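*Asks:* Build me a model:
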Amino acid sequence: MKLGIHLGYWSAGPPEHAQEIVRAADDLGFDAIYSAEAYGSDALTPLAWWGASTKQIRLGTNVIQLSARTPTATAMAAMTLDHLSGGRFILGLGVSGPQVVEGWYGQSYPKPLARTREYIDIVRRTIAREVVTSAGPHYPLPLTDGGTGLGKPLRSTLHPYRTDLPIFLGAEGPKNVALAAEIADGWLPLFFSPRSDDFYRAALAEGFAQPGARRTATDFEVHASVPVVIADDVDGAADLIRRNLALYVGGMGARGQNFHLDVFVRMGWEDVCAQVQDLYLEGRKDEAAAAIPMEMVDDVALVGPAARVREQFSRWEPTVVTSLLVQGVTYWPDPLRGLQTLAEALR
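*Replies:* The predicted structure is shown next:
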């Protein structure tokens, strides 16, 4: 299993020490760094800035939101970054959720699987320098309804650095995971648990079995984002994770439609999730975090002294995960020393 870093999206401003962390990860032989976007910082600009000082580490988005850009605009950005990085870019895509898609981008959320399939098809054909047309219904090209009628099919003027630029798909539900296995080169799970390995293997197998599937289980990558806190105080380290889990389980989505909550329900944490969501939506965020047991933290995170982290990591090694993306590095007291310690502990 390889190691990577997920720097995520920014909070109120750029994360401290990010440039130094990226350079250190490159020097230590980490496989990839990832950025993200929600409704603040974008995922592409930080990769271009930070990645300019690296030599070998791969640069990925985890994830670019489909509704933020048209498929051809995303393909343009992907080809540009792939050229600038010498073929090190990974295009990670995801649909996001209805609150962001409809509230921030002003677009319709329904039919996310069909939209994803159509979107990736256009991206691939753009990168292959085909004359791009699409019958829609989600991304018709050229536009024929409501426009001037002057649009015409076009081919990218930019020749790609790689026509096989890898596309990964962020997915949580079984149908989305199966779709990733069918049409993408990799899967970006959030809140993966080794206990759910059989469940996800079955979903991936369903995708690999589809006619025309792009990859097989042997050449498909799974890059799982895993919060990591190396500290002597296990419970104190777990508290940092609890706050993040409470946000996603309790506040990232509406009651009755929260895809992150659904992941933990499938793990068997239904009662805890209901309590956390109730407390969080009532504004009792500290209580929501405190309601998360240590066992739930250990399901999806690595916390504690280096020896404990190494012991917990052994549960991940037999799973479908091919690269573990360390989250939370910018919040460590000494990120550079922490990366070195982590690399030594997990190798």
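*Asks:* So residue 191 versus residue 249, what's the distance?
*Replies:* Distance, residue 191 to residue 249, by C-beta to C-beta, to the nearest Å: 9 Å. Yep, even glycine has a C-beta here, placed from its N, CA and C like the rest.
*Asks:* who touches both of those two?
*Replies:* Here residue 191 and residue 249 have 260, 264 as joint contacts, going by C-beta atoms under 8 Å, 6 or more residues apart in numbering.
*Asks:* Which one of these two is surrounded by more residues?
*Replies:* Per other C-beta atoms under 10 Å, whichever of residue 191 and residue 249 has more neighbours is residue 249, with 30 against 22.
*Asks:* wait, what's in contact with the nearest residue to residue 300 once chain neighbours are set aside?
*Replies:* Excluding its sequence neighbours, the residue lying closest to residue 300 (C-beta to C-beta, 6 or more residues apart in numbering) is residue 191, at 4.8 Å. Shown in contact with residue 191 (C-beta under 8 Å, 6+ apart): 172, 248, 260, 263-264, 300.
*Asks:* Residue 255 now?
*Replies:* Shown in contact with residue 255 (C-beta under 8 Å, 6+ apart): 277, 281.
*Asks:* where does it land on pLDDT?
*Replies:* Looking at residue 255, its pLDDT is 81.
*Asks:* where in the stretch 51-200 of the chain is pLDDT low?
*Replies:* Counting by pLDDT under 70, the stretch 51-200 of the chain contains no low-confidence range.
*Asks:* Can you show me the strands along it?
*Replies:* Counting by DSSP state E, counting those that start in this stretch, residue ranges of the strands within the stretch 51-200 of the chain are 58-61, 64-65, 89-94, 167-170, 186-188.
*Asks:* Please name the strands paired to the longest one in the sheet, noting orientation.
*Replies:* Spelled out, it's strand 89-94. With DSSP bridges as the test, strand 89-94 is paired with strand 58-61 (parallel), strand 64-65 (parallel), strand 167-170 (parallel).
*Asks:* From residue 147, how far off is the spatially most central residue of the chain?
*Replies:* For the chain, the residue nearest the mean C-alpha position is residue 62 (3.3 Å; C-alpha atoms, centre = their mean). For residue 62, the distance to residue 147 equals 34 Å [C-beta to C-beta].
*Asks:* quick one, what contacts the closest residue to the residue nearest to the centre of the chain other than its chain neighbours?
*Replies:* Spatial nearest neighbour of residue 62, chain neighbours left out: residue 34 (3.8 Å); criterion: C-beta to C-beta, 6+ apart. Shown in contact with residue 34 (C-beta under 8 Å, 6+ apart): 4-8, 60-62, 90, 92, 188, 223, 225, 325.
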